[in-house]
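Q: sequence and predicted structure are below.
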Amino acid sequence: GRMMKSRNKGDIVAMQLLKLLLLQPSRLTFKGIRKSLFSGIYFEVYTAIQKAWMLDQTPTSEVLLTMGMSDDANSLVTVLDEYEEPGLAIADAVAMLEDLRLREDFASLCISGHDKIHTAESGREIVREFQAKAIDLTSSELVGAKSGGDFSAINARMQWQAMNPGKIFGIQTGFRKLDMQINGLQPKLYLIGARPSVGKTAISGDITTNICDAPGNECHVIDITIEMDDEELRDRAVAKMSGVGLTSYRTTPYTPTEIKAVLSAQRKITTWNWHIYDGAVSIDDIEAIAYTAKRMYGNVLIKVDYIQLVTGGKGGNKNEQVGNISGRLKLLSKAIKSPVIALAQLRRLESRFDQAARKTVHKKPELDDLRDSGSLEQDADVAMLLDRNILDEPDTATLIVAKQRSGPTHKGIALDYHKETTSFSETL
């Protein structure tokens, strides 16, 4: 009704398209309309519009008729010839219909949520289901084709690097050699894998403290922890910042100097852009938290500890479920245009028997050691493996860049492990 009264060019053409679709009753749903618009002659016309824009031409009917479309598609353009720029009008109409679809789907979602108010087991269940379905609506939103000749992002990065020689482009982890290797954290999926007790949570915590404590930091670190609770993460941050071990098994009292250092570290941490979630366990929870954080803070880093503990993945077995979760985390990083770090557990095999040397030797981790799913390796843009021989050389470690989709790998960045504060630092 609003479109019928409107004089807006996009509304008028949307009505034209709807009239054509009335001849196909089986498609008179928003999903049917959307499918029709992006198939057949509508898709031809829309593709021709994109092609015209790539050639820096205004997609008028005269231009579109030279794009080699089918006769039916040319007829559609001719019908719309009365408009000054029919190509732009069609694009506006498609956007208008998609907006109407989203409004209709959201209205249905609200009605569904209202019906469950008195039947759901808990209010939290309703909220989680609502968040998950709302995310599905936005993630399925129609995205127009992007020009293959659009190099604006690459050129902007090249210009930035020319003006900032030697500087890191992405968010700096605080590990200088690592930052130089990966050019900082960018909107990608990063995987950090390690065997149990090697220190994957510790190095994740180091990245948090290094980012949050950096002068002028504007990045908000979102720590989604399933393995540990929020208190343990805070204790580790305080220990790293103060140099005082805060282990639960310590029996000796703290000295006045240590107490002063701890209180100073606590005051500093209260000023950080650091947010901890230790109640989220499902991939739906993680997506809801990430989208909310992005909307509230803009510049965010999402961290998940660790991926094999996340629930809600689709699939009949553990491998398929973990693969589904890693795929959704990758899509999440692209959707919110922010880095996502996922910690992962490796298999426990730490040594092998060397027949020639007649002794047991430490086995370095490999990508094949990732537990539960080969999709972890496939989905990660950057995969890092933390190696520490906890029996023979517990105070040293190596961070291996085993995979980097857009850059070189690295056989190992040397690290020192500090047992008292459960933290790592680069070997000097």
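A: Perfect, thanks for sending it. Numbering: from 1, shown residues only.
Q: so what does whichever strand or helix holds residue 284 touch, helix or strand wise?
A: Using DSSP states H and E, residue 284 sits in helix 283-297. Counting contacts by 3 or more C-beta pairs under 8 Å, 6 or more residues apart in numbering; DSSP states H and E, helix 283-297 packs against helix 123-139, strand 220-225, strand 274-277, strand 300-305, helix 318-336. All C-beta atoms are positioned from the backbone trio N, CA, C, and that covers glycine.
Q: pull the residues that contact that helix.
A: Residues outside helix 283-297 that contact it (C-beta atoms under 8 Å, 6 or more residues apart in numbering): 128, 131-132, 135, 138, 220, 222, 224, 273, 275, 277, 279-280, 300, 302, 304, 310-313, 324-325, 328-329, 332, 335-336, 338, 340.
Q: would you turn the helices and strands packed on helix 283-297 into CSV with distance to residue 151, mean pLDDT and mean neighbour count?
A: Formatted as CSV, the helices and strands packed on helix 283-297 follow (distance: least, C-beta to C-beta, whole Å; pLDDT from 0 to 100; neighbours: other C-beta atoms under 10 Å):
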stretch, distance to residue 151, mean pLDDT, mean neighbour count
helix 123-139, 27, 67, 15
strand 220-225, 30, 94, 23
strand 274-277, 36, 93, 18
strand 300-305, 27, 94, 24
helix 318-336, 19, 88, 20
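Q: dump the ones you listed into TSV; add distance to residue 379 as well.
A: Formatted as TSV, these follow (distance: least, C-beta to C-beta, whole Å):
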stretch	distance to residue 379
helix 123-139	16
strand 220-225	17
strand 274-277	22
strand 300-305	13
helix 318-336	4
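Q: what about the strands in the stretch 101-250 of the chain?
A: With DSSP state E, counting those that start in this stretch, the ranges of strands along the stretch 101-250 of the chain come out as 189-194, 220-225.
Q: strands paired with the first one, and their directions?
A: Going back to what we said before, that points to strand 189-194. Strand pairing for strand 189-194, using DSSP bridges, gives strand 340-345 (parallel), strand 382-387 (parallel).
Q: out of those strands, which gets nearest to residue 168?
A: Taking C-beta to C-beta, strand 382-387 is the member of the strands paired with strand 189-194 nearest to residue 168, at 14.2 Å.
Q: after the closest one comes which helix or strand?
A: strand 396-404.
Q: just checking, what packs against that next one?
A: Packed next to strand 396-404, using 3+ C-beta pairs under 8 Å, 6+ apart, are helix 176-182, strand 382-387, strand 410-418.
Q: who touches that strand?
A: 175, 178, 181-182, 198-199, 203, 364-367, 377, 380-389, 408-417, 424, 427.
Q: can I get the buried part of those as one ChimeraX selection?
A: Buried residues among the contacts of strand 396-404 (16 or more other C-beta atoms under 10 Å), as a ChimeraX selection:
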select :175,178,181,182,198,199,203,365,367,377,380,381,382,383,384,385,386,387,388,389,410,413,415,417,424
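Q: OK, contacts around the residue lying closest to residue 117 once chain neighbours are set aside?
A: Spatially, and ignoring its direct neighbours in sequence, residue 117 is nearest to residue 126 (6.8 Å; C-beta to C-beta, 6 or more residues apart in numbering). By C-beta under 8 Å, 6+ apart, the contact set of residue 126 is 113, 116, 117, 120.
Q: distance of the residue nearest to the spatial centre of the chain from residue 189?
A: For the chain, the residue whose C-alpha lies nearest the mean C-alpha position (C-alpha atoms, centre = their mean) is residue 333; its distance is 1.7 Å. From residue 333 across to residue 189, the span is 5 Å (C-beta to C-beta, to the nearest Å).
Q: now do the shared contacts for the two.
A: residue 340.
Q: where does the stretch 101-250 of the chain dip in pLDDT?
A: Residues of the stretch 101-250 of the chain that meet the criterion pLDDT under 70 lie in 101-102, 104, 131-150, 248-250.
Q: all helices of it, in order?
A: 123-139, 152-163, 176-182, 200-212, 230-242 (DSSP state H, counting those that start in this stretch).
Q: where does residue 271 land in three-state SS?
A: coil (DSSP: H, G, I helix; E, B strand; the rest coil).
Q: among the strands of the stretch 101-250 of the chain, which is nearest residue 74?
A: strand 189-194 (43.5 Å).
Q: how far out from the middle of the chain is that closest one?
A: Its chain's C-alpha centre and that of strand 189-194 lie 13 Å apart, by C-alpha atoms, centre = their mean, to the nearest Å.
Q: contacts for it next, please.
A: With C-beta under 8 Å, 6+ apart as the criterion, strand 189-194 contacts 200, 203-204, 307, 326, 329-330, 333, 339-346, 365, 367, 369-370, 376-377, 379-388.
Q: before we move on, back to that, which one of the helices and strands packed on helix 283-297 lies nearest to residue 68?
A: Of the helices and strands packed on helix 283-297, the one closest to residue 68 (C-beta to C-beta) turns out to be helix 318-336, at 32.3 Å.
Q: tell me how far that closest one lies from the chain's centre.
A: 9 Å.
Q: likewise stretch 265-284?
A: 18 Å.
Q: may I see the buried residues of that stretch?
A: Buried residues in stretch 265-284 (16+ other C-beta under 10 Å): 265, 268-269, 272-278, 280, 282-284.
Q: shouldn't residue 265 be in contact with residue 242?
A: Yes - with contact defined as C-beta atoms under 8 Å, residue 265 reaches residue 242; the gap is 3.9 Å.
Q: so what's the residue count around the residue found closest to residue 202 once you drop the neighbours it is linked to in the chain?
A: Once flanking residues are discounted, residue 202 sits nearest to residue 422: 5.0 Å by C-beta to C-beta, 6+ apart. Neighbour count for residue 422, taken as other C-beta atoms under 10 Å: 20.
Q: same deal with residue 213?
A: 18.
Q: pretty sure it is touching residue 241, no?
A: Yes - the criterion here is C-beta under 8 Å, and residue 213 meets it with residue 241 at 7.1 Å.
Q: mutual contacts of those two, please.
A: With C-beta under 8 Å, 6+ apart as the test, residue 213 and residue 241 both reach residue 268.
Q: picking that back up, possible to save the helices and strands packed on strand 396-404 as CSV with distance to residue 45?
A: Output for those, formatted as CSV (distance: least, C-beta to C-beta, whole Å):
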stretch, distance to residue 45
helix 176-182, 42
strand 382-387, 40
strand 410-418, 49
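Q: and of these, who's closest to residue 165?
A: Taking those one by one with C-beta to C-beta, helix 176-182 is closest: 13.2 Å.
Q: now stretch 164-182: buried residues?
A: Of the residues in stretch 164-182, those buried (16+ other C-beta under 10 Å) are 168, 171, 172, 173, 174, 175, 178, 179, 181, 182.
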